[in-house]
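Visitor: I'd like to go over a predicted model; first the sequence, then the structure.
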Amino acid sequence: MAATPPNPDASAPRRRVSRHRGEGQWAVGHLTPLNGNEQFKKDDDGLNVRTRIETIYSKRGFDSIDPNDLRGRMRWWGLYTQRKPGIDGGKTAVLEPEELDDKYFMLRVRIDGGRLSTEQLRVIGEISQEFARGTADITDRQNIQLHWIRIEDVPEIWDRLETVGLSTTEACGDTPRVILGSPVAGIAADEIIDGTPAIDEIHRRIVGNPAFSNLPRKFKSAVSGSPLLDVAHEINDVAFVGVDHPEHGPGFDLWVGGGLSTNPKIGVRLGAWVPLEEVADVHEGVISIFRDYGYRRLRTRARLKFLVADWGAEKFRQVLEDEYLERKLLDGPAPAQPVERWRDHVGVHRQNDGRFYVGFAPRVGRVDGTLLTKIADVTEAHGSGRVRTTVEQKMIVLDVEEAQVDSLVAGLEALGLTVNPSPFRRGTMACTGIEFCKLAIVETKARGISLISELERRIPDFDEPITINLNGCPNACARIQVADIGLKGQLVLDGDGNQVEGFQVHLGGALGLEPGFGRKVRGLKVTSKELPDYVERVLKRFQAEREDGERFAAWASRASEEALS
């Protein structure tokens, strides 16, 4: 028997070998949770928290709520704790979650496709008045958010919403969020294809389905057959965009991997044409890829856009076809460039049935419960029972007879809701901001409303489309990187060296026409107090320097830093 050869490393200290844990992708066998969020999702499906809310927390009160439910699973039912009043922006990243939490909630009502009946709108308005201190905001994802919600009132609120066909199911959390849709689907005279049946089928398959209730992070979807590209498809995880195939007719162009926040990415085309009846299948395939291959190790890399960036469009399409659809998709054309800058449907427009729809502009999405019920009343008084929300924080009344249009417009104007808004009112959006959001650093809603008024007074002759988006933190809920003027909230120094609320400025972003991210000029920051002066100054320079037909985004990309300062 031969002797065992000596081990040359026997005298060396034994090196500890650790196995690479990867990115936490389920499809490659990494099933062990790698962070606290993944652990609480594995411990209990977020959908299950509803029973505890109804049977325990609503009866015993806020202090009875388990922390993993409070700051985790309750989001699966549209509930976030709101910011405790009086905490300034400098403490946002310093305090512990329990120090920032108020004992009240934001409640997000899910409105897929932005579709509401006047009965539903009235119920939301009544809930706002009775349970939410009158608060209500239209979001840039077609939802309506309420504040000051007590846990004791949540079961009653759910009952009232569900009685009229609304819900808060998976309005937040690591779930398939609201499905954006063209607010004029099925009625627009210029529509390529009506995506409503696809939205309904996607909703039926995935919302509240445990097979899709534990995703790496949130998943945003959009379906629109409008040539205006009216659902911000470039910044969704998956989007279906109406196109006309030269051989197969109307269908959808498939996009994946868009998103903003602190690492923005424009979605990519897969070059695939999808017929209406197959949209839900393809959507299910894309969301399944995200569930199975999505990165779960780091929350900052857990969105689909990072997987798409690493894989590329060709591999993503191959995996979708081979592993999930088990068939090839047809190649198809890209969507045509929209002919209009505005895609919010504000104004009076003829429908495909000869009637009209009328879009109007609240200021930065800020409404209230009383106003919502009055909108429902005015809409019904003019023969309509349908309203819509848009991804630009606007609203639309559908199905108005020609003889009723002028009276409806007058009724809306009497409520302070203009059908012919200034470019500033039409183009300014704002996130929730420090008033209620625990992530925010600065105030946004009131600041945006004040800015609109100031600009209307100072530059009354300005008539170019312009988007001004205010965000209370870097997370870009108000899409700052793709606005003409994007304002990212942060603390800045004023002229006396004091730390005050202000904004970092992004200039020249866009969606639709030549989508891209805004330009940041080194050191270009402005205090909240100075904001109207700054915006007035840069818009007047644009008016003075622009070439014929030149858009603000194009001018901002070529302008000198001095002109932008």
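Guide: Good, I have the coordinates.
Visitor: Correct me if wrong: Pro33 contacts Trp26.
Guide: No: counting by Cβ atoms under 8 Å, Pro33 stays clear of Trp26, with 11.0 Å between them. Bear in mind the C-beta positions are built from the backbone N, C-alpha and C, glycine included.
Visitor: host element of the residue most central in space within the chain?
Guide: Most central in the chain under Cα atoms, centre = their mean is Arg141, positioned 4.2 Å from the mean C-alpha point. Secondary structure assignment for Arg141, by DSSP states H and E: no helix or strand.
Visitor: so what's the closest residue to Val378 other than its chain neighbours up against?
Guide: Leaving aside its sequence neighbours, Val378 sits nearest to Gly411 (Cβ to Cβ, 6 or more residues apart in numbering; 4.2 Å). Contact analysis of Gly411 by Cβ atoms under 8 Å, 6 or more residues apart in numbering lists 378, 381-382.
Visitor: Just the closest of the residues you listed to Asp484, please.
Guide: Nearest to Asp484 among the contacts of Gly411 is Val378, at 31.9 Å by Cβ to Cβ.
Visitor: circling back to that earlier point, any idea how far the residue nearest to the centre of the chain lies from Ala302?
Guide: Using Cβ to Cβ, to the nearest Å, one gets 19 Å for the distance from Arg141 to Ala302.
Visitor: now Leu270
Guide: 21 Å.
Visitor: Show me which of these two is the more surrounded one.
Guide: Between Leu270 and Ala302, Leu270 has the larger neighbour count (other Cβ atoms under 10 Å), namely 26 against 23.
Visitor: which residues does Arg177 contact?
Guide: 141, 170-171, 218-221.
Visitor: which one of those is nearest His349?
Guide: Using Cβ to Cβ, the contacts of Arg177 come closest to His349 at Arg141, 22.5 Å.
Visitor: Which of the three states applies to Cys437?
Guide: coil (DSSP: H, G, I helix; E, B strand; the rest coil).
Visitor: pull the CA atoms of stretch 231-242 into PDB?
Guide: Written as PDB, here are the backbone C-alpha positions of stretch 231-242 (Å, rounded to 0.1, in the frame of the first residue of the first chain):
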ATOM      1  CA  VAL A 231     -48.500  56.100 -19.400                       C
ATOM      2  CA  ALA A 232     -44.800  56.900 -19.000                       C
ATOM      3  CA  HIS A 233     -44.000  53.500 -20.400                       C
ATOM      4  CA  GLU A 234     -40.300  54.300 -20.500                       C
ATOM      5  CA  ILE A 235     -40.000  54.100 -16.700                       C
ATOM      6  CA  ASN A 236     -42.100  51.100 -15.900                       C
ATOM      7  CA  ASP A 237     -40.800  47.500 -15.200                       C
ATOM      8  CA  VAL A 238     -42.900  46.300 -18.000                       C
ATOM      9  CA  ALA A 239     -45.000  48.200 -20.500                       C
ATOM     10  CA  PHE A 240     -47.100  47.400 -23.500                       C
ATOM     11  CA  VAL A 241     -47.200  50.300 -26.000                       C
ATOM     12  CA  GLY A 242     -49.800  50.400 -28.800                       C
END
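Visitor: what's the spacing between that stretch and its chain's center?
Guide: Distance of stretch 231-242 from the chain centroid (Cα atoms, centre = their mean, to the nearest Å) equals 11 Å.
Visitor: Ok, stretch 203-222 next?
Guide: On Cα atoms, centre = their mean, the centre of stretch 203-222 falls 15 Å from that of its chain.
Visitor: and the end-to-end length of it?
Guide: Start-to-end span of stretch 203-222 (Cα to Cα, to the nearest Å) is 12 Å.
Visitor: Then stretch 160-175?
Guide: End-to-end for stretch 160-175, by Cα to Cα: 23 Å.
Visitor: Only the buried residues of stretch 159-169, if you could.
Guide: Within stretch 159-169, the residues that count as buried by 16 or more other Cβ atoms under 10 Å are 160-161, 166-169.
Visitor: With stretch 117-126 instead?
Guide: Neighbour counts over stretch 117-126 (16+ other Cβ under 10 Å) mark 117-118, 120-126 as buried.
Visitor: Next, count neighbours for the closest residue to Thr81 other than its chain neighbours.
Guide: Leaving aside its chain neighbours, Thr81 sits nearest to Asp101 (4.3 Å; criterion: Cβ to Cβ, 6+ apart). Residues within reach of Asp101, counting by other Cβ under 10 Å, total 20.
Visitor: so who does Asp101 touch?
Guide: Neighbours of Asp101 in contact, by Cβ under 8 Å, 6+ apart: 70-71, 81, 84, 438.
Visitor: circling back to that earlier point, which neighbours do Pro33 and Trp26 share?
Guide: With Cβ under 8 Å, 6+ apart as the test, Pro33 and Trp26 both reach Arg296.
Visitor: which one of the contacts of Asp101 sits closest to Ile449?
Guide: Lys438 (22.1 Å).
Visitor: Isn't the closest one up against Arg83?
Guide: Yes: using Cβ under 8 Å, Lys438 is in contact with Arg83, at 4.7 Å.
Visitor: any common contacting residues for the two?
Guide: Residues within reach of Lys438 and of Arg83 at once, by Cβ under 8 Å, 6+ apart, are Leu100.
Visitor: per-residue pLDDT, the residue nearest to Val378?
Guide: pLDDT, Gly411: 98.
Visitor: Roughly how far does it sit from Asp101?
Guide: Counting by Cβ to Cβ - Gly411 and Asp101 are separated by 41 Å.
Visitor: next one: Glu392
Guide: According to Cβ to Cβ, Glu392 stands 31 Å off from Asp101.
Visitor: Would you mind writing the CA trace of stretch 382-399 as CSV?
Guide: C-alpha atoms of stretch 382-399 as CSV (Å, rounded to 0.1, in the frame of the first residue of the first chain):
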residue,chain,number,x,y,z
HIS,A,382,-73.9,66.6,-17.0
GLY,A,383,-74.9,63.0,-18.0
SER,A,384,-71.7,61.1,-17.2
GLY,A,385,-71.0,58.4,-14.8
ARG,A,386,-67.3,57.9,-15.6
VAL,A,387,-64.2,59.7,-14.6
ARG,A,388,-60.5,58.9,-15.0
THR,A,389,-57.2,59.8,-13.3
THR,A,390,-54.0,60.3,-15.3
VAL,A,391,-50.3,59.7,-14.7
GLU,A,392,-49.8,63.5,-14.7
GLN,A,393,-52.0,64.0,-11.5
LYS,A,394,-55.0,65.2,-13.6
MET,A,395,-58.6,64.0,-14.0
ILE,A,396,-60.9,63.5,-16.9
VAL,A,397,-64.7,63.3,-17.3
LEU,A,398,-65.9,61.0,-20.0
ASP,A,399,-69.0,60.6,-22.2
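Visitor: buried residues in that stretch?
Guide: Neighbour counts over stretch 382-399 (16+ other Cβ under 10 Å) mark 382, 384-399 as buried.
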